[in-house]
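Novice: Just a sequence and a predicted model for now, questions to come.
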Amino acid sequence: MSFEGLIKGLHHVTATVNDAQEDVDIYTKLLGQRLVKETVNFDNEKVYHFYYGNEIGSPSTIFTTFPYKDQGVRQGAIGTGQVYETVFSAPENSMEFWKMRLHDHGLKTTTENRFGKEFLLFEDPSGLKLSIVEDNSDDRKPVWATEEISKEQAIKGIHSVVLAVANADETIHFLNNFGYAVTAKNAPYTLLESQEKGAGNSLIVLEGQGLQEGINGLGTVHHVAHRVDSIEDSIKIKEELESNYGIQVTEVKDRKYFKSIYFRIPGNVLFEVATSGPGFLVDETNEELGTSLKLPDWQEVRRVEIEKNLIPYNR
Ligand code: ZN
């Protein structure tokens, strides 16, 4: 077998960040994403796990963070073997709005032309590299609008991620087999898209000659997840990776809102394959999404203790 047709596109991006309050402020208030789930890192319950996304946190719109401030985690360094930048998708004719908005909030921005499009580059408070690009073919719904950001301007989700690697050819060769085909080149960038194409289904490989090797830590992306329809598809992918690529894959992990496997691709970037379902409405109604700390059953029994260790923040 091969991976043919199994990978549908992106699912989410997960980053290690610094301060919880700064994080909520930039992703919800400034960038207008909805906090669709507040939970804890299932592997370290002293740390929040925030999920931001569109109204319901549809797969491919989800950006998630672990605010690790004061937990003894070093400052990371962005470089090869990592997601170098996360690109968000905004509607046509919204770029001037975003430039002004980021500027008015004291963020430094630059622009770069890639594949004939203008990317607005900036950093979040922990140092993560982010960008916004207009994409008029992005029809993902339901769009989350706020008092300050209308539906005509609102970010629709993750557009693509930039993967920095030392040897682009080897990574691109793997990604071709994995389910992403090259659709454009603009050195040092190569654009790849899954069969579903476009925003939420795209990767940009950056050949990182001159870039240092990335160091995991605060201000770096931990992994990028790709979506599949079912856990059976994840298991097929695990078997294929292990038997034909010699890539070690974790056991299936229950993330409550999806089920996941993890592995490193050629080029060393940490990938996750996550099921599209069951999604964030499994333990909250649409109205309630992100309004209180949700814990899986195995942690619910220690809720009082867990809550005591979390630093409060304002929504
Ligand atoms: Zn993940």
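Specialist: Received the coordinates, thanks. Numbering: from 1, shown residues only.
Novice: burial of residue 302, as a residue count?
Specialist: The number of residues packed near residue 302 is 12, by other C-beta atoms under 10 Å. In short, each C-beta sits where N, CA and C put it, glycine included.
Novice: and it, what does it touch?
Specialist: residue 45 (C-beta atoms under 8 Å, 6 or more residues apart in numbering).
Novice: measure it to the ion for me?
Specialist: Counting by C-beta to the ion, to the nearest Å, the gap from residue 302 to the ion is 23 Å.
Novice: Equivalent analysis for residue 246, please.
Specialist: When C-beta to the ion is the yardstick, residue 246 and the ion sit 23 Å from each other.
Novice: quick one: average confidence on the helix or strand hosting residue 111?
Specialist: When elements are defined using DSSP states H and E, residue 111 is found to belong to strand 110-114. Within the predicted structure, the mean pLDDT of strand 110-114 is 98.
Novice: Show me what that strand is packed against.
Specialist: Using 3 or more C-beta pairs under 8 Å, 6 or more residues apart in numbering; DSSP states H and E as the contact criterion, the neighbours of strand 110-114 among helices and strands are strand 117-123.
Novice: Using CSV, write down the CA coordinates of the next helix or strand after the strand it packs on.
Specialist: Scanning the chain past strand 117-123 towards its C-terminal end, the next helix or strand to appear is strand 129-134 (assignment: DSSP H and E). In CSV, the C-alpha atoms belonging to strand 129-134 read as follows (Å, rounded to 0.1, in the frame of the first residue of the first chain):
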residue,chain,number,x,y,z
LYS,A,129,7.2,33.5,13.3
LEU,A,130,3.7,34.1,11.9
SER,A,131,2.3,35.5,8.7
ILE,A,132,-0.9,36.4,7.0
VAL,A,133,-1.7,36.0,3.3
GLU,A,134,-4.9,36.8,1.4
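Novice: immediately after strand 129-134, which helix or strand?
Specialist: With elements assigned by DSSP H and E, the helix or strand that comes after strand 129-134 is strand 157-165.
Novice: mind saving the C-alpha coords of the strand holding residue 111 as CSV?
Specialist: The C-alpha trace of strand 110-114 is given here as CSV (Å, rounded to 0.1, in the frame of the first residue of the first chain):
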residue,chain,number,x,y,z
THR,A,110,7.6,43.1,7.1
THR,A,111,6.3,41.9,3.8
GLU,A,112,7.7,39.3,1.5
ASN,A,113,6.5,38.2,-2.0
ARG,A,114,6.3,34.5,-2.4
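Novice: Show me what from the stretch 151-300 of the chain comes close to the ion.
Specialist: 225, 272 (C-beta under 5 Å from the ion).
Novice: Output the contacting helices and strands for whichever helix or strand residue 101 is part of.
Specialist: Counting by DSSP H and E, the element that carries residue 101 is helix 95-104. The elements that helix 95-104 packs onto, with contact taken as 3+ C-beta pairs under 8 Å, 6+ apart, are strand 117-123, strand 129-134.
Novice: That one: which residues count as buried?
Specialist: Buried positions in helix 95-104, judged by neighbour count with 16 or more other C-beta atoms under 10 Å: 95, 98-99, 101-102.
Novice: if we can go back for a sec, of all the helices and strands packed on helix 95-104, which one is nearest the ion?
Specialist: For these, distance to the ion was read as C-beta to the ion. The smallest value, 17.6 Å, belongs to strand 129-134.
Novice: ok, so what distance separates residue 32 from the ion?
Specialist: Taking C-beta to the ion as the criterion, residue 32 is separated from the ion by 22 Å.
Novice: neighbours of the nearest residue to that residue once chain neighbours are set aside, just the number please.
Specialist: By the measure of C-beta to C-beta, 6 or more residues apart in numbering, the closest residue to residue 32 outside its immediate chain neighbours is residue 149, 3.9 Å from it. For residue 149, the number of neighbouring residues by other C-beta under 10 Å comes to 22.
Novice: wait, what's in contact with residue 149?
Specialist: Per C-beta under 8 Å, 6+ apart, neighbours of residue 149: 32, 101, 155.
Novice: Can you give me the distance of it to the ion?
Specialist: With the distance defined as C-beta to the ion, residue 149 ends up 26 Å from the ion.
Novice: how close does that residue sit to residue 126?
Specialist: Summarising the geometry, the distance separating residue 149 from residue 126, computed by C-beta to C-beta, to the nearest Å, is 22 Å.
Novice: ditto for residue 37
Specialist: Residue 37 sits 20 Å away from residue 126 when distances are taken as C-beta to C-beta.
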